[in-house]
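Visitor: next comes the sequence, and after it the predicted model I'd like to discuss.
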Amino acid sequence: MELNNLILVTGGNGQLAKSMLDVYPKRELYLATKSELDVTDKNLVSKIISKIKPRKIFHFASLTRADDCARDPDLAYRINVEGTRNIVEVCKKFDIPLLFVSTNEVFDGKKKSAYIEKDKANPITIAGKTKFHAENIIKENLKKYFIIRTSWLYSKWSRNFLYVIFSKAKELKQIRIVKDEISSPTYSLDLAAAIKELLLSDEFGLYHLVNEGMASRLQLAKKAFALSDVDGINIIPISLKDFDRPSKPPLFSPLKNTKAREMGIVLPRWEDGLRRFLKENTL
Ligand SMILES: NC(=O)c1ccc[n+]([C@@H]2O[C@H](COP(=O)([O-])OP(=O)(O)OC[C@H]3O[C@@H](n4cnc5c(N)ncnc54)[C@H](OP(=O)(O)O)[C@@H]3O)[C@@H](O)[C@H]2O)c1
């Protein structure tokens, strides 16, 4: 099959898909939303990819939120595992390079320093298990792949942790925020830029790509409020175990971008990403 100049992006309504429009010209991206390309529909996946003939596929479609995955593990499996398998089969058939985005939740949180690419995955959540399963399907079937693990993505296109705490701060004088869950908050536009840079090489493989550094939910919230001059809020630090949610994520899952850094790809620190996000958007 003769491939054209387009990059097909699955999950085209998602925040990372939209962020790619910040770094690639619109004419190079084909953002396929769930209504056009449901990745769980094997025949449809084959039909659409054969029609578009993309030179690359960014597979971002997923059941992303860990709580949604915990509430409906079968759906998480269908989208994250079977959906990825459907995409992989067509990539293999037509020799199309694939870029897949995975998660910090492939780790169990027992390490004491940030996780690097060589660390052994041991997912403890449904989100982590299904994404790790998808990673393995890719590794077993393709040579031309990038697996990018990232964490705590935010942008103006998602109702993320930052939106939640800012909207609570408008209504309440007091907010409970988890102090002992730690990871790498990452601005989706910074990730998009790093992905583009990485793709300039053909150094296929597994990469961690997050904003540099690590933060707890509490540190992230405090920094965001300070940068936005929000004060007068009584923040009550709580433990993750006391926060009632369907999924229990690993307590400690920051990532370190060792391989990208060796290639000269260095992302800004998380505080810097947050500062730009808050400057560009009103929460
Ligand atoms: N957000 C994070 O904190 C985070 C952290 C680590 C890794 N990641 C990974 O990074 C990638 C991008 O994340 P994101 O935050 O941009 O995710 P997102 O905003 O949730 O976007 C995912 C998109 O996939 C779509 N989708 C769901 N089921 C689908 C299906 N069966 N077929 C086709 N599309 C489907 C969703 O559509 P609907 O909304 O209409 O269902 C949504 O538009 C994902 O693979 C995610 O797992 C994200």
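Guide: That came through, no problem.

Visitor: spell out, range by range, the helices that occur in the stretch 51-200 of the chain.
Guide: With helices called from DSSP state H, counting those that start in this stretch, the stretch 51-200 of the chain shows them at 66-71, 73-76, 83-94, 126-141, 161-171, 188-199.

Visitor: would you reformat those as CSV and include distance to D272, mean pLDDT and mean neighbour count?
Guide: C-beta here means a position set from N, CA and C on the backbone, and glycine is covered the same way. Converted to CSV, the helices of the stretch 51-200 of the chain look like this (distance: least, C-beta to C-beta, whole Å; pLDDT from 0 to 100; neighbours: other C-beta atoms under 10 Å):
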stretch, distance to D272, mean pLDDT, mean neighbour count
helix 66-71, 26, 97, 18
helix 73-76, 33, 98, 15
helix 83-94, 32, 98, 20
helix 126-141, 27, 98, 20
helix 161-171, 15, 93, 15
helix 188-199, 9, 98, 21
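
Visitor: near the ligand, which residues of the stretch 1-150 of the chain show up?
Guide: 10-11, 13-16, 34, 37-40, 60-64, 79, 83, 101, 103, 150 (C-beta under 6 Å from any ligand atom).

Visitor: in stretch 12-28, what's buried?
Guide: G12, G14, Q15, L16, A17, K18, S19, M20, Y24 (16 or more other C-beta atoms under 10 Å).

Visitor: which of the residues of the stretch 1-150 of the chain next to the ligand fall in strands?
Guide: With DSSP state E as the criterion, strands contain T10, V101, T103, T150 from among these.

Visitor: for ChimeraX, what selects the buried ones among the residues you listed?
Guide: Command for ChimeraX that selects the buried part of these, burial taken from 16+ other C-beta under 10 Å:
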select :10,101,103,150
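
Visitor: adding pLDDT, write the ones in strands among the residues of the stretch 1-150 of the chain next to the ligand out as JSON lines.
Guide: Formatted as JSON lines, these follow (pLDDT from 0 to 100):
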{"residue": "T10", "pLDDT": "98"}
{"residue": "V101", "pLDDT": "98"}
{"residue": "T103", "pLDDT": "98"}
{"residue": "T150", "pLDDT": "98"}
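
Visitor: name the nearest of the ones in strands among the residues of the stretch 1-150 of the chain next to the ligand relative to P250.
Guide: Of all these, P250 sits closest to T103, with 10.4 Å by C-beta to C-beta.

Visitor: that closest one: what's it in contact with?
Guide: A127, G128, K131, R149, T150, S151 (C-beta atoms under 8 Å, 6 or more residues apart in numbering).

Visitor: distance check, it against F166.
Guide: According to C-beta to C-beta, to the nearest Å, T103 stands 24 Å off from F166.

Visitor: give me the residue from this structure nearest the ligand.
Guide: Among all residues of the chain, G14 sits closest to the ligand, at 2.1 Å; criterion: C-beta to the nearest ligand atom.

Visitor: can you check the pLDDT for that residue?
Guide: Per-residue confidence (pLDDT) for G14: 98.

Visitor: number of residues surrounding the nearest residue in space to it that is not next to it in sequence?
Guide: If the residues on either side of it in the chain are set aside, G14 comes closest to F60, at 5.4 Å by C-beta to C-beta, 6 or more residues apart in numbering. Using other C-beta atoms under 10 Å, the number of residues around F60 comes to 23.

Visitor: ok, F277 - contacts?
Guide: Counting by C-beta under 8 Å, 6+ apart, F277 has contacts Y154, S155, K156, L162, Y187, L189.

Visitor: and R176, how far is that from K168?
Guide: From R176 to K168 the distance is 9 Å (C-beta to C-beta).

Visitor: swap in K110?
Guide: 31 Å.

Visitor: same thing with D41?
Guide: 38 Å.

Visitor: next: L251.
Guide: Relative to K168, and taking C-beta to C-beta, L251 is found at 22 Å.
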